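Asker: okay, predicted coordinates and the sequence, questions at the end:
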Amino acid sequence: MYDPQTIRLKINGVEEEATVKPYATLLDVLRDQLGHIEVKEGCAVGDCGACAVFLDSTPVCACLVLARQADGAEIITAAGIGTPENLHPLQEAFMDYGGIQCGFCTPGLIISAKALLDENPHPTQQDVKVALSGNYCRCTGYEQVIEAVLAAAEKVDGRHG
Amino acid sequence: MVYRFEYYPTRSIDEALTLLAEHAGSEVVAGCTNTIVDARATRKIPKAVIDINRLSDLRYARRDNGTIRLGARTTLTDCFALPFLVKEAPVLKLMAAEFAGTLIRNRATLAGNIAYASPAADVAPPLLALSATITLVSKARGPRTLPLSEFIVGPRKTALAEDEIISEVAFPAANGEVKSSYFKFALRNAMAISLVSGAVVLRMEGNKIREAGLALGAVAPKPYRVAQAEGMLKDQIPTDALIREVAKVVAASTSPISDIRASAEYRREITEVMTRRIVERALSS
């Protein structure tokens, strides 16, 4: 019963394997088995968005995906959209605008913000609020986060324009 | 880990139906947005989950003569991402825009929200107002189709048999001008459980309402159509007086609970005000 099985994931461009229980979530596997600790466990029931990742280009809560459902999928975490040497404009803007205090919600916010900018390069303040409404932040009061996303949008747009 | 279950991926409906027939106490999953939450809370832990998330035969949204057919894998995000569906059923888009948040909408399905049968299921009022039907299929008995209003039996109770899978949600295509609107009233705008939600779908003939669908959620043991109000609107050229009368009848039809989120009186009051507004909003759209 509950025999583990090996799944393959491409995480931030790198092929990885994990042997997982049938009931393990993608969050359990990314964080505890494979060490991608930028994927945070907040509520683990889909309310807080701290574990958000791209699953085959779609932003989802990793806590509500079974690891085996993701077998063969491509995962992008917040660590996969920029590097310390070459930060994504969103990552830069979160620092510049103080969109970070304790930092726990930041990886999830970065994923949701990236999903927004991929779809809508010219978001209004209201668009940003709606896009981030599934991500909780208990420190910043959201004001600086929203400013950061709007600033990053201008930068991303400038880069492509 | 406080819960355990087996996991079975599937490649065809037939395979899923066979697994379901063989494994008593298993649950069919797609987005898993309720299943994992309930398992973690130890409210309901299935023996096994049967994953239909990769079944291409349940992934479709099409018009078939006079009927809109949505495969069981249709997600909340599809309600505003598929231009065809937005055009055919804008009321679903209005609902989906207020359903949880993007991360959940990308995984949660219309069929899953219906199967869970919460009294506050946000998917139910617009689909009820659209006169939706639901198709269930089992290995032993094949498919059967029933009105959504009969499928949802009570709180967390449906007509789904242990060996059945929801295969499709369908509703009549527009066929002429359709005016619709939706409201969700909750304590915050996102990630919220409805205090009251409601939808109205008016199939028009000039200024006259040819057919009306009006349904509520979260104010009774199950989401339901308000047949009396629908009858009052049918074949009428609506006036302010009629709309006020309808709103009163709709509020009187509710049997809400008082809980931590709101009192029964408050829910009833909100129902009357919001019903009036959505009928007005639909007519002026």
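Answerer: Looks like it came in fine.
Asker: from here on, just use CA atoms for contacts and neighbour counts.
Answerer: Fine.
Asker: longest helix in chain A, please.
Answerer: Secondary structure of chain A read by DSSP state H shows that its longest helix is helix A:143-160.
Asker: for that one, packing partners?
Answerer: Packing contacts for helix A:143-160, counted by 3 or more Cα pairs under 8 Å, 6 or more residues apart in numbering or on different chains; DSSP states H and E, involve helix A:89-96, helix A:125-131.
Asker: out of these, which one sits most buried?
Answerer: Of all these, helix A:89-96 has the most neighbours on average by mean count of other Cα atoms under 10 Å in any protein chain shown, namely a mean of 20.
Asker: which of the residues in the next helix or strand after that one are buried?
Answerer: The first helix or strand that comes after helix A:89-96 along the chain, using DSSP states H and E, is helix A:106-119. Residues of helix A:106-119 classed as buried: A:106-117 (neighbour count, 16 or more other Cα atoms under 10 Å in any protein chain shown).
Asker: within reach of chain B, which of the residues you listed are there?
Answerer: Restricting those to those near chain B by Cα under 8 Å from any Cα of the partner chain leaves A:Ser112.
Asker: list the contacts for the most centrally placed residue in chain A?
Answerer: Nearest to the geometric centre of chain A sits A:Ile111, at 3.4 Å (Cα atoms, centre = their mean). Neighbouring residues of A:Ile111 by Cα atoms under 8 Å, 6 or more residues apart in numbering or on different chains: A:52-54, A:59, A:77-78.
Asker: in the worst-scoring helix or strand of chain A on mean pLDDT, what counts as buried?
Answerer: Every helix and strand in chain A was compared by mean pLDDT, DSSP states H and E; the lowest is helix A:143-160, with a mean of 88. Within helix A:143-160, the residues that count as buried by 16+ other Cα under 10 Å are A:144-153, A:155-156.
Asker: tell me the residues of chain A that contact chain B?
Answerer: Residues of chain A lying near chain B by Cα under 8 Å from any Cα: A:1-2, A:22-23, A:45-47, A:49, A:52, A:58-61, A:64-66, A:68-69, A:112, A:131, A:133-134.
Asker: which of those residues are buried?
Answerer: For those, buried by 16+ other Cα under 10 Å: A:22-23, A:45-47, A:49, A:52, A:58-61, A:64-66, A:68-69, A:112, A:131, A:133-134.
Asker: out of these, which are inside helices?
Answerer: Per DSSP H, the subset of these in helices is A:112, A:131.
Asker: thinking again about what came up before, turn the helices and strands packed on helix A:143-160 into JSON lines, including mean pLDDT and distance to B:Arg141.
Answerer: Output for the helices and strands packed on helix A:143-160, formatted as JSON lines (pLDDT from 0 to 100; distance: least, Cα to Cα, whole Å):
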{"stretch": "helix A:89-96", "mean pLDDT": "96", "distance to B:Arg141": "54"}
{"stretch": "helix A:125-131", "mean pLDDT": "97", "distance to B:Arg141": "44"}
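Asker: which helix runs longest in chain B?
Answerer: Per DSSP H, chain B has its longest helix at helix B:264-283.
Asker: from the chain's centre, how far out does that one sit?
Answerer: Its chain's average C-alpha position is 19 Å from that of helix B:264-283, according to Cα atoms, centre = their mean, to the nearest Å.
Asker: look at residue 97 and say how many residues are nearby.
Answerer: Picked chain A for this. 16 (other Cα atoms under 10 Å in any protein chain shown).
Asker: I was thinking of chain B, sorry if that wasn't clear
Answerer: Count around B:Ala97 with other Cα under 10 Å applied: 17.
Asker: got the phi and psi for it?
Answerer: The phi/psi pair for B:Ala97 (degrees, to the nearest 10) reads phi -60, psi -20.
Asker: wait, what's in contact with the spatially closest residue to it that is not a sequence neighbour?
Answerer: Spatially, and ignoring its direct neighbours in sequence, B:Ala97 is nearest to B:Phe80 (7.7 Å; Cα to Cα, 6 or more residues apart in numbering or on different chains). Neighbour list for B:Phe80: B:86, B:92-93, B:96-97 [criterion: Cα under 8 Å, 6+ apart].
Asker: got it, and B:Gly101?
Answerer: A:131, A:133-134, B:190-191.
Asker: surely A:Ala20 touches A:Val29?
Answerer: Heads up, residue A:20 is Val, not Ala. Yes. Using Cα atoms under 8 Å, A:Val20 makes contact with A:Val29 at a distance of 7.3 Å.
Asker: now the common contact residues for those two.
Answerer: Common neighbours of A:Val20 and A:Val29 (criterion: Cα under 8 Å, 6+ apart): A:Ala67.
Asker: how close does A:Gln101 get to A:Phe94?
Answerer: Distance of A:Gln101 to A:Phe94, computed by Cα to Cα, to the nearest Å: 10 Å.
Asker: just B:Met204 next, same as before
Answerer: Per Cα to Cα, B:Met204 is found 50 Å from A:Phe94.
Asker: give me the secondary structure label for B:Val219.
Answerer: At B:Val219 the chain is in coil, as set by DSSP: H, G, I helix; E, B strand; the rest coil.
Asker: show me where chain B has strands.
Answerer: Here chain B has its strands, by DSSP state E, at B:6-9, B:26-29, B:48-51, B:61-64, B:67-71, B:133-138, B:142-147, B:152-154, B:157-158, B:164-172, B:178-185, B:196-205, B:208-217, B:224-225.
Asker: what pairs with the fifth one, parallel or antiparallel?
Answerer: Strand B:67-71 has these partner strands in its sheet, going by DSSP bridges: strand B:61-64 (antiparallel), strand B:164-172 (antiparallel).
Asker: burial count for the residue nearest to B:Thr75 when sequence neighbours are not counted?
Answerer: Leaving aside its sequence neighbours, B:Thr75 sits nearest to B:Thr109 (Cα to Cα, 6+ apart; 4.0 Å). Number of residues near B:Thr109 (other Cα under 10 Å) recorded here: 26.
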